[in-house]
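In: One predicted model, sequence on top.
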Amino acid sequence: WVLIDHYLVVQHWRPFFYVIEKETRKIVVWIIIPRLPIELYIDKFLLRVGSKLGHMLKVDKLTYIHSRGCFARICIENDLRKKLVSQINILDHILKVKYE
């Protein structure tokens, strides 16, 4: 989210959480997987895909009910210290990954 030209970062509460901590290590991000066949819009499968990219949090509601046909959308917690993944290998097919 952007609030008055500043990014707003929402984090899970954890022990020893300090508001003034200068370094943000993890953020929640939506991932789009274009051209994913609709038969793969299955919770178990999307959970495995999300786990390859970070800590899987949830599946987009429209993806969950198979309403989207052109892309799947999942939400993950991403570690900023790790390199972003631009593509994944799914069933011997390389699919691009887009970050929102």
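Out: Alright, I've got the coordinates.

In: If you count residues, where's the longest helix of the chain?
Out: When the chain is parsed with DSSP state H, its longest helix is helix 43-53.

In: which outside residues touch the helix or strand that it is followed by?
Out: Counting by DSSP states H and E, the next helix or strand C-terminal to helix 43-53 is strand 55-59. By CB atoms under 8 Å, 6 or more residues apart in numbering, the residues outside strand 55-59 that reach it are Lys26, Val28, Asp43, Leu46, Leu47, Gly50, Ala72, Arg73, Ile74, Cys75, Ile76, Glu77. (Glycine included, C-beta is placed from N, CA and C.)

In: Could you give the average pLDDT over strand 55-59?
Out: When pLDDT is averaged along strand 55-59, the result is 92.

In: Now do the buried residues in it.
Out: Buried residues in strand 55-59, counting neighbours by 16 or more other CB atoms under 10 Å, are found at Met56, Lys58, Val59.

In: And it, how far out from the chain middle?
Out: 7 Å (CA atoms, centre = their mean, to the nearest Å).

In: One more: stretch 72-84?
Out: Taking mean C-alpha positions (CA atoms, centre = their mean), stretch 72-84 and its chain are 5 Å apart.

In: Stretch 89-98 now?
Out: 15 Å.

In: Tell me which residues are up against it.
Out: Against stretch 89-98 from outside (CB under 8 Å, 6+ apart): 31-36, 40, 49, 53, 85-88.

In: how about a cut-off of 10 Å?
Out: 30-37, 40, 45, 48-49, 52-53, 71-74, 84-88 (CB atoms under 10 Å, 6 or more residues apart in numbering).
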